[in-house]
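Undergrad: Need coordinates for the following:
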Amino acid sequence: MGLRRLFIFELIRDCELTPFWRYFCFFFIGQNSLICTKFNFFPRLNSLIRHPWLNHDQRLNWNLHEQANADRNDRLGSGRGGLVVRSRPRDRRVAGSKPDSTEDPPCMGQMMKVFWILFSLFVSVCLGEKVKNASVTYDEHTKKFTIHNFIADNSVAYGDFKDEIFLTGWSYIQVKSNESFPDPVQAYAAGLIEGFLTADLLEKHWFNVISDYCTEDEAFCHRLQDFLQKNLDFINKNVEAKRNYDSYWHHVALTLEQIHGLEDGFRNKTSQPSTKVDVMGLMLLNALGDLDDLEVVLNKKKVTKTFGSGSCSALVKILPNNEDIYFAHTTWTYYNRMLRILKKYDLQLHTSLKDRSPLIPGHTSIFSSQPGMIFSHDDFYLQSSGLGAMETTNSNHNASLWKYVTPEGIILEWQRNLIANRLAKNGKEWVALFGLKNSGTYNNQWMVLDFKKFQPGRPLQDGLLWVLEQLPGYVHSEDVTDVLRQQGYWPSYNVPYFKDVFDMSGAPMDVQKYGDWFTYEKTARALIFKRDQGKVQDIPSLIRLMRYNDYTNDPLAKCNCTPPYSAENAIAARSDLNPENGTYPFGALGHKEHGAVDLKLTSYEMFKNLEFVAISGPTYDSVPPFQWSKSDFDKKVRHKGHPDLWKFKPVIHKWL
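TA: You can find the predicted model right below:
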């Protein structure tokens with residue numbers, strides 16, 4: 001809202017209104033939200049609006065969330081989050097066309113100017129930006145929960161949701177709970193709020209991602225259900241025995257109670273907090289990362305993950321003289337999963353059920369996610385504890401390790417990372433908590449950055465960056481701050497860093513068979529990061545690196561393929577661009593509906609407000625933007641509720 005108002009102020013200034021009409025427009029700005037609500041005029045429309053004084057081929061980009069452009073004046077100042085809002089449209093002429101007039105808009109009567117200003121405000125504020133509110137109240141006498149579509153007094157939890165998928169590529173939800181209520185009531189109510197507010201988007205995402213998961217191999221799904229149910233039974237047995245005195249099991253229970261609330265809210269009903277959830281319901285969606293490995297363990301006929309396929313790129317970057325620190329992540333996944341939500345949870349939960357137990361360190365969490373998930377899954381988090389956490393996925397190709405993946409004695413990855421995020425005060429505590437009850441599924445390299453230990457211009461403190469890698473039956477974690485001191489950056493690209501993890505994972509066999517692509521030092525992204533990380537001087541240059549894909553020209557993208565390069569060999573993969581009739585030594589380098597689908601990054605200053613830059617959709621900097629209608633996947637891959645063209649600008653969402 002604030003950025004759009006800034007733009008209208010620019011428009012009022014440029015139109016040279018008389019003082020009377022100027023004051024009238026400013027007054028209208030203060031009333032526009034009421035007018036938008038009164039007329040309920042919120043269709044999903046394109047954000048490009050034509051103005052009467054613009055030439056036919058000249059359009060004004062109304063997406064005022066734009067954060068980074070090639071122009072020197074259109075940038076985030078020195079990585080500090082400052083925003084320059086353009087008051088003039090960018091020159092969009094094609095080669096050979098006549099220059100557009102640089103004169104001011106033709107003279108119009110004051111009333112006509114006012115009309116266009118007010119219409120512009122109405123469109124920029126109202127269209128596609130309706131905010132949905134909801135709250136949950138709880139009657140302690142009847143034990144009854146009630147969902148309201150407004151903010152009720154003395155609510156257990158409340159939240160708001162805004163769907164801007166067609167404007168920015170993101171939707172946004174924030175949920176806040178009330179500390180005066182018991183933790184199980186808060187967790188369940190938080191789930192109710194999210195399920196209720198995001199039900200439409202969740203239904204689309206479920207249809208795209210998981211609704212047909214069991215159709216091709218029902219026998220596998222029976223084995224999967226049995227595994228998940230036995231695991232849930234193991235968890236509930238421990239929750240019942242230990243929750244009252246053990247903070248760890250208390251928070252295991254809270255994750256399930258939140259999922260239970262999410263299920264009920266989605267169905268617009270209420271019940272009671274419970275850890276006895278449907279393992280093939282929304283819990284299955286939250287276990288999506290774990291499923292890649294459970295498919296192997298439980299012998300699915302055709303596994304989802306392509307051999308060698310990457311899953312995310314990440315970078316921790318120290319600027320010269322320790323001036324700033326950047327924390328950046330780009331998610332690699334399947335394109336049917338591109339319905340995305342940025343989330344803010346402000347959950348006033350306590351460390352345990354004991355009386356006067358303090359609030360958890362990670363009570364407030366900002367993260368990128370998907371509908372129906374209560375964790376990130378990318379993963380990328382900024383926490384009130386002062387911690388940032390992110391990961392890239394490592395594959396296990398050592399079949400002998402799968403015997404450690406059993407339903408009893410483990411907790412799946414999605415729950416373990418929630419528990420670590422909520423309870424840990426520093427990186428050392430985070431990796432210790434996450435390593436407990438290792439499931440051996442969704443095996444990642446986790447990077448946990450303690451922003452409390454960074455001071456611009458000062459030497460890096462020990463404990464600044466902790467890294468953890470896991471395999472079935474094994475966890476290795478270390479303080480790797482010294483690596484940042486020595487080389488100024490920490491890259492992550494789906495290859496284990498620790499030699500013992502690398503060797504145990506079966507990676508040496510892959511190197512022997514396929515060459516350097518499977519090594520830590522010489523895989524394409526390792527070499528690209530090493531070559532280009534020194535060019536990062538500010539936020540725009542970091543965006544360029546994390547969205548980088550110049551696969552037809554970059555010698556590091558070459559492979560023993562036909563054609564002789566792959567769009568997988570980039571910081572931001574675009575495997576849809578690899579020709580379907582190409583030949584490749586292994587599947588990861590080939591043609592598939594998979595690639596880098598976003599970017600999230602923060603700096604020292606932005607982290608203070610738990611803010612980050614976010615870009616939704618596959619990269620388009622040096623390659624054509626992804627468009628479903630022009631893709632051969634349009635009829636093959638479900639994408640209900642998706643924009644056709646994925647070409648969105650950076651945003652920094654301002655949370656209330």
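Undergrad: Can you spell out which residues form a bridge with W490?
TA: V316 (DSSP bridges).
Undergrad: residues near it, how many?
TA: For W490, the count of nearby residues is 22 (other Cβ atoms under 10 Å). C-beta: built from backbone N, CA, C; applies to glycine.
Undergrad: for it, what are its contacts?
TA: 315-316, 447, 465, 467, 480, 483-484 (Cβ atoms under 8 Å, 6 or more residues apart in numbering).
Undergrad: quick one: which of these sit in helices?
TA: Judged by DSSP state H, those include 483-484 as members of helices.
Undergrad: Looking at E408 now. What's its pLDDT?
TA: Here, the pLDDT recorded for E408 equals 97.
Undergrad: ok, back up a step: quick one, which of the contacts of W490 are buried?
TA: Among the contacts of W490, those buried by neighbour count (16 or more other Cβ atoms under 10 Å) are 315-316, 447, 465, 467, 480, 483-484.
Undergrad: Serialize the residues you listed to TSV and add fields for distance to N438 and pLDDT.
TA: Putting the buried ones among the contacts of W490 into TSV (distance: Cβ to Cβ, whole Å; pLDDT from 0 to 100) gives the following:
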residue	distance to N438	pLDDT
L315	26	99
V316	24	99
M447	18	99
L465	21	99
V467	16	99
V480	20	99
V483	24	98
L484	26	98
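Undergrad: K176: which of the residues you listed is nearest?
TA: M447 (27.9 Å; Cβ to Cβ).
Undergrad: Does that closest one touch L464 like I think?
TA: No - here M447 does not reach L464: they are 10.9 Å apart, not a contact under Cβ atoms under 8 Å.
Undergrad: does the residue sitting nearest the centre point of the chain count as helix, strand or coil?
TA: Geometric centre of the chain, nearest residue: S368, 2.4 Å, by Cα atoms, centre = their mean. Following DSSP: H, G, I helix; E, B strand; the rest coil, S368 is assigned to strand.
Undergrad: Could you double-check that it sits in contact with M338?
TA: No - contact between S368 and M338 fails when scored by Cβ under 8 Å: they sit 11.7 Å apart.
Undergrad: okay, and for the stretch 101-250 of the chain, where does confidence drop off?
TA: 101-129 (pLDDT under 70).
Undergrad: Now do A524 against T215, distance only.
TA: Between A524 and T215 the distance is 36 Å, computed by Cβ to Cβ, to the nearest Å.
Undergrad: for G435, same thing?
TA: From G435 to T215 the distance is 36 Å (Cβ to Cβ).
Undergrad: which of the two has more neighbours?
TA: Each of G435 and T215 has its neighbours counted (other Cβ under 10 Å); G435 has more, 17 against 8.
Undergrad: For D293, which non-adjacent residue is closest in space?
TA: Closest residue to D293 apart from its sequence neighbours, by Cβ to Cβ, 6 or more residues apart in numbering: T441 at 4.1 Å.
Undergrad: ok now the longest helix that the chain contains, how far from the chain's centre?
TA: Looking across the chain with DSSP H, the single longest helix is helix 218-242. The chain centre lies 28 Å from the centre of helix 218-242; the measure is Cα atoms, centre = their mean, to the nearest Å.
Undergrad: which helices and strands sit right next to the helix or strand following that helix?
TA: Tracing the chain past helix 218-242, the next element assigned as helix or strand by DSSP states H and E is helix 247-266. Here helix 247-266 touches helix 183-197, helix 199-209, helix 218-242, helix 282-286, helix 413-423, going by 3 or more Cβ pairs under 8 Å, 6 or more residues apart in numbering; DSSP states H and E.
Undergrad: Many thanks, have a good one.
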